[in-house]
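Q: Predicted structure and sequence below. I'll ask about it afterward.
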Amino acid sequence: MQTTAPTFPRLLLAHAEARPEAPAVREKDLGIWQTWTWNAVAQEVREMACGLASLGFKAFDNLAIVGANRPHLYMAVLAAQSLRGVPVPLYQDAVASEMVFMLNDASIEFVIVEDQEQVDKLLECRELQQGQEGQQQGIRHIIYDDPKGLRHYEQPGLMSYEQLRELGRAFDKANAGYYDRAVASGEASDVGVILYTSGTTGRPKGVCQTHASFIAAGRGGVETDKLGPGDNIMSYLPMAWVGDHLFSVAQWLVGGFTLNCPESAETVMNDMREIGPSYYFGPPRTFEGLLTAVSIRMEDAAAPKRWLYAKFMALAQRVGADILNGAPVSTGDRFMYSLGNLLIYGPLRNVLGMSRIRVAYTAGAAIGPDLFRFYRSIGVNLKQFYGQTETCAYVCLQQDGKVKLQTVGTAAPGIELKIADDGEVLVRGVSVLKEYYKRPDATAEVLDANGYFHTGDAGVLDSEGHLRIIDRAKDVGRLVGGAIFAPNYIENKLKFFPQIKEAVCFGNGRDEVCAFINIDFEAVGNWAERRGLAYGGYVDLAGKPEVLTLVAECIAKVNADLAAEDGMGETQIARFLVLHKELDPDDDELTRTRKVRRGFIAEKYAVLVDALYGGKTAQYIETQVKFEDGRTGVVSATLKINDAKTFPIVKAAA
Amino acid sequence: MSNRKIGDVILDVQNISLSFGGVKALTDISFNVREHEVRAIIGPNGAGKSSMLNCINGVYWPQQGSITFRGQTFKHMNSRQVAEMGVARTFQNLALFKGMSVLDNIMTGRNLKMKSGLFAQALRWGPAEREELQHREFVEHIIDFLEIQAHRKTPVGRLPYGLQKRVDLGRALAMEPQVLLLDEPMAGMNVEEKQDMSRFILDVNDEFGATIVLIEHDMGVVMDISDRVVVLDYGKKIGDGTPDEVRNNEDVIRAYLGVEH
């Protein structure tokens, strides 16, 4: 069932009227799932809103929300919106000194927090604020959900959730109709939430999203996946993250399904098995962690079980994804797959807590092809989406039956995509941000005159309109011939091979792509030992002709891949060399988070780059290295320049 | 931090002497414990700390002296009597049922509070089921309090040591004790686990209103969380007072630093 109300509080009231007794939120408490019906949620939101109003919270004020996924905190989002105020969820693991920036930026006077830990942090924030000069009114009210350990706190402005509700009931009685008028005055174009971007580049910025954009984003997702009453979702990701706001607030209120809050962060897996959600989101690392846990347990299983598992997983690899996509599969395979479903896939899904999953999503980082295929092959409808805080995490969605591993899907309903000349993905449509809070300069940088939002990602649209994200736009360059060159994209493909630890590609402004390769000492060392290949350390191993052949094979596979992809065929790797030392953050070649510093490397190893492009067959190099104890030494070697096998470009059958 | 009200003397130990054959474990020990306070017993190895606890607990019967609990004086008590009077304890070497789940282990702490008989409980007869549900709710509060929800159904033997200690505390709390005896609650823990445990002990003292008597080796912890400290050495009391008084007591310094006599 869907409603067409223009704001979130009105959506809530519509649900409460249409299905008052249906479950809206569940939370596991004292070992039992406690349920709030839509009616109960509406009632609590009303009391909370009135309580806030009695403390002086008014339209266009901001309410900070700090804590894990608790029903009361989700209700706080609605309570603030009911008064035409703006909820500002903040990451609960931020330390006080970071949090103070956002509290000041958003002029926060009211905060609702989860527990003692957060109260302590907010009190610390308040002290920091009082120490700052020229600071206007700081935090005035801190409302806490869980009173444990707070009995003897007597700081001014502290109040429990229950006290707030008490105030709210009194206020509601004294000001009959206040709440209803406030809700009715809200408009779709009001800012519905401010989400802070994590600020990996510069200070965090508050992204203002209107009710209209989040409702549109929520509706798009709900319609695509036919979500509604009866569906269940686990809410376990940070509330300050745009994805959680989309799934657990926007889609929840548009679709009217049930939110389930876990008992604690450690019990999520267990709680998930009890609830059996039909709709699930996890970043790639969650899916990876689950698979690893299963693999480890499988290795400990008895031999017949292992055999059965291997047998049926091979079948699933071959036909599972096709069955899910509705592609033709032979009757025999279908029969075997349904047998496998009974014996292996079904129980496996049960262990993963995914028995009832209709749709699962992942996003946020590139997901490994094997991982993606594994889940789809055992019948979990895992899909990817693409978006950022500035677009309500709603730009592209993979549609059922049209899932391509390499892409993030087609433009979502209501969204227009355009690829700029430099390869940057531009987005226009329902979910684009209104502005950055108090930062017109930053807003002007990302929103152009035609209403396009500049994502900062470089991408390619294929013939069916599927978007493939290839790189950060600022890293993307061009070959002399005009083809787009996305170094990270090629490097990531190389790094999927266990033998290759790091790769650095060059090609911007050149006629061909060349690469530096770092072998993975452990993996290649192992490989060499099994082959009886003697070597005397890293430099020696990296220079062995057998190793060069091994790396050449990997590169040939990547080239074959690139040749088959739209617009990527020209950027096949022409020549490569295997570096004589490992790239190391201590030598400034990698960042501390292990990202390649391409510019620095090109400068430091300029002789090698020149050799690659100068048609030489070998090059002598001496490099200074820092050892872990601070001493320095010199590593020298003569590196062989190798030609890589390239493939003719496959033209897409358009 | 907190403003608990420390009340009257709840437990008064007078002139206790205990010996095993010729070995004098305790000689003429007297001290008292006030309601709602955290009282520590410290001392070097073999000083008689655990023996002292065992006397209060009714495991050992001292040859001389008396113990007064809430105005009732006893020559010696048996453990069940002690438990029924609201004294619970945890053990230095953990006394848990390793094969049973965390939940069941803590439920055993409710045993004394259950009114229905063995058969009624086994058959979930009549009021027995309702009773069990009430007890389960109480136990769930403890699980929540100690933050061990994730391990509710895990057999205790599979948990790391620090968590087992927490379960042991949970089982003792399930008795709703007025006095809680903790025997080296932090032995063998790392710094982080010790901090957690200190916090739990203070919270138990605060939220459950329990009086706490604890034995501990870690001086830092003792001085931080106790209201008053008794110091034993070779079965004799050599110091008694607030942490600051004890810290400056010459005899105590000598016992711990081993100055020549």
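A: Looks like it arrived, so ask away.
Q: got the contact list for the residue most central in space within chain B?
A: Geometric centre of chain B, nearest residue: B:Leu181, 1.6 Å, by C-alpha atoms, centre = their mean. Residues in contact with B:Leu181 (C-beta atoms under 8 Å, 6 or more residues apart in numbering or on different chains) are B:53, B:56-57, B:87-90, B:213-214. For every residue, glycine as well, the C-beta is placed using N, CA and C.
Q: which residues of the stretch 501-650 of chain A fall in strands?
A: A:513-519, A:573-578, A:618-626, A:632-640, A:642-643 (DSSP state E, counting those that start in this stretch).
Q: Where does the prediction get shaky in chain B?
A: B:1-4, B:76, B:258-261 (pLDDT under 70).
Q: run the last query once more with 80
A: Applying pLDDT under 80 to chain B flags residues B:1-6, B:74-78, B:92-94, B:112-128, B:217-219, B:255-261.
Q: Flag every residue of it that's near chain A.
A: Residues of chain B lying near chain A by C-beta under 8 Å from any C-beta of the partner chain: B:1-3, B:136-137, B:140-141, B:143-145, B:147, B:149-150, B:152, B:203, B:206-207.
Q: how close does A:Met102 get to chain B?
A: 28 Å (C-beta to the nearest C-beta, to the nearest Å).
Q: okay but that residue is in contact with A:Leu90, surely?
A: Yes - in this structure A:Met102 lies within contact range of A:Leu90 using C-beta atoms under 8 Å: 5.8 Å.
Q: which residues do these two both contact?
A: With C-beta under 8 Å, 6+ apart as the test, A:Met102 and A:Leu90 both reach A:64, A:196.
Q: out of the contacts of B:Leu181, which one sits closest to A:Pro20?
A: Nearest to A:Pro20 among the contacts of B:Leu181 is B:Ala88, at 46.2 Å by C-beta to C-beta.
Q: Wait, the closest one touches B:Leu169, no?
A: No - assessed by C-beta under 8 Å, B:Ala88 is found out of contact with B:Leu169, at 9.5 Å.
Q: ok, back up a step: what is the nearest of the contacts of B:Leu181 to chain A?
A: B:Leu214 (19.8 Å; C-beta to the nearest C-beta).
Q: Next up, the contacts around that closest one.
A: Counting by C-beta under 8 Å, 6+ apart, B:Leu214 has contacts B:38-41, B:181-183, B:185, B:201, B:222, B:226.
Q: Spell out the residue ranges of the strands in the stretch 151-300 of chain A.
A: A:158-160, A:191-196, A:206-210, A:232-234, A:258-261, A:279-281.
Q: My guess is A:Leu259 contacts A:Trp252. True?
A: Yes - A:Leu259 is within contact range of A:Trp252, at 5.5 Å (criterion: C-beta under 8 Å).
Q: what's the overlap in contacts for those two?
A: Contacts common to A:Leu259 and A:Trp252, judged by C-beta under 8 Å, 6+ apart, are A:74, A:233.
Q: re the thing from before, which stretch among the strands of the stretch 151-300 of chain A approaches chain B most closely?
A: Closest among these, using C-beta to the nearest C-beta: strand A:258-261, at 12.7 Å.
Q: Okay, now the sheet partners of the closest one, with direction.
A: strand A:23-29 (parallel), strand A:232-234 (parallel) (DSSP bridges).
Q: A:Gly569: neighbour count?
A: 18 (other C-beta atoms under 10 Å in any protein chain shown).
Q: which residue packs closest to it, ignoring adjacent ones?
A: The shortest distance from A:Gly569 to any non-neighbouring residue, by C-beta to C-beta, 6 or more residues apart in numbering or on different chains, is to A:Ile649 (3.2 Å).
Q: wait, doesn't the one you found sit right on A:Asp566?
A: No - judged on C-beta under 8 Å, A:Ile649 makes no contact with A:Asp566 at a distance of 9.8 Å.
Q: shouldn't A:Val86 be in contact with A:Ala64?
A: No - between A:Val86 and A:Ala64 there is no contact under C-beta under 8 Å: 10.0 Å.
Q: In terms of neighbours, single out the busier of these two.
A: Counted by other C-beta under 10 Å, A:Val86 and A:Ala64 do not tie: A:Ala64 has more neighbours, with 26 against 23.
Q: Can I get the helix or strand that contains the more buried one in CSV? Just the C-alpha atoms.
A: Using DSSP states H and E, A:Ala64 maps to strand A:62-66. In CSV, the C-alpha atoms belonging to strand A:62-66 read as follows (Å, rounded to 0.1, in the frame of the first residue of the first chain):
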residue,chain,number,x,y,z
ASN,A,62,17.9,21.5,14.0
LEU,A,63,17.8,18.4,16.2
ALA,A,64,20.9,16.3,16.5
ILE,A,65,20.5,12.6,16.8
VAL,A,66,23.4,10.5,18.1
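Q: Mind listing residues that contact that strand?
A: Under C-beta under 8 Å, 6+ apart, the answer for strand A:62-66 is A:52, A:57, A:73, A:76-77, A:79-80, A:85-90, A:92, A:99, A:102-103, A:106-114, A:118, A:121-122, A:194, A:239.
Q: are any of the residues you listed buried, and which?
A: Neighbour-count burial (16 or more other C-beta atoms under 10 Å in any protein chain shown) applied to these gives A:52, A:57, A:73, A:76-77, A:79-80, A:85-90, A:92, A:99, A:102-103, A:106, A:108-114, A:118, A:121-122, A:194, A:239.
Q: Inside helices: which ones of these?
A: A:52, A:73, A:76-77, A:79-80, A:99, A:102-103, A:118, A:121-122 (DSSP state H).
Q: so where do the helices sit in the stretch 151-300 of chain A?
A: For the stretch 151-300 of chain A, applying DSSP state H, counting those that start in this stretch gives helices covering A:161-174, A:178-185, A:211-225, A:242-244, A:252-255, A:268-275, A:284-299.
Q: quick one: contacts for B:Leu18?
A: B:Leu18 neighbours (C-beta under 8 Å, 6+ apart): B:24-26, B:48, B:51, B:55, B:60, B:62-63, B:235.
Q: In strands, which of these fall?
A: B:24-26 (DSSP state E).
Q: Out of the residues you listed, who's the most crowded?
A: For the ones in strands among the contacts of B:Leu18, the largest neighbour count, defined by other C-beta under 10 Å, is 27 neighbours, found at B:Leu26.
Q: B:Ile16 is in contact with that one, correct?
A: Yes - using C-beta under 8 Å, B:Leu26 makes contact with B:Ile16 at a distance of 5.6 Å.
Q: what do those two both touch?
A: B:52, B:55, B:62.
Q: The first one reaches B:Gly43, doesn't it?
A: If I follow you right, that is B:Met52. No - judged on C-beta under 8 Å, B:Met52 makes no contact with B:Gly43 at a distance of 9.2 Å.
Q: Whichever residue of the stretch 301-450 of chain A sits closest to chain B and A:Asp271: what is the separation?
A: Per C-beta to the nearest C-beta, A:Gly353 is where the stretch 301-450 of chain A lies closest to chain B, at 14.6 Å. According to C-beta to C-beta, to the nearest Å, A:Gly353 and A:Asp271 sit 8 Å apart.
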